[in-house]
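**Q** Sequence below, structure please.
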Amino acid sequence: MTALAAAAFSSVPKDRPGFRLTRAIGAIVARIERAGP
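**A** Sure thing, here's the model as predicted:
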């Protein structure tokens with residue numbers, strides 16, 4: 001996991017409604033970075 005995704009994960013409490021959205025964003029970011037140069 002990238003530092004950016006890790007920071008996003010750690011900044012959102014697991015019981016917050018936005019956690020699912022944060023996980024989705026983290027997954028997208030990781031996918032983009034893997035596909036990048």
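**Q** I'd say residue 5 and residue 30 touch.
**A** Yes. The pair residue 5 and residue 30 qualifies as a contact (CB atoms under 8 Å) at a distance of 5.5 Å. Quick note: C-beta positions are derived from backbone N, CA and C, even for glycine.
**Q** so where is the chain shaky, pLDDT-wise?
**A** Within the chain, the ranges that satisfy pLDDT under 70 run 1, 8-17, 37.
**Q** Show me the helices in it, by range?
**A** 3-10, 19-35 (DSSP state H).
**Q** For residue 25, see how far away residue 6 is.
**A** 12 Å (CB to CB, to the nearest Å).
**Q** So which of the two has more stuff around it?
**A** Neighbour totals were compared for residue 6 and residue 25, and residue 25 leads with 16 against 11 (other CB atoms under 10 Å).
**Q** what about residue 4, how many neighbours?
**A** 13.
**Q** Same question for residue 36.
**A** By other CB under 10 Å, neighbour count at residue 36 equals 6.
**Q** Looking at residue 5 and residue 30, which has the bigger crowd around it?
**A** Legend: neighbour count by other CB under 10 Å for residue 5 and residue 30, higher for residue 5 (18 against 14).
**Q** If we ignore the residues flanking it in sequence, what's nearest the more buried one?
**A** Take residue 5 and drop its neighbours on the chain: the residue closest to it by CB to CB, 6 or more residues apart in numbering is residue 26, 4.1 Å away.
**Q** Next, work out how far apart the one you found and residue 36 are.
**A** 16 Å.
**Q** cool, residue 18 as well?
**A** 26 Å.
**Q** rewinding a little: what about the residue nearest to residue 5, neighbour count?
**A** 19.
**Q** what's around residue 2, how many residues?
**A** If you count neighbours by other CB under 10 Å, residue 2 ends up with 13.
**Q** In this structure it contacts residue 27, no?
**A** No. Under the criterion of CB under 8 Å, residue 2 is not in contact with residue 27, lying 11.2 Å apart.
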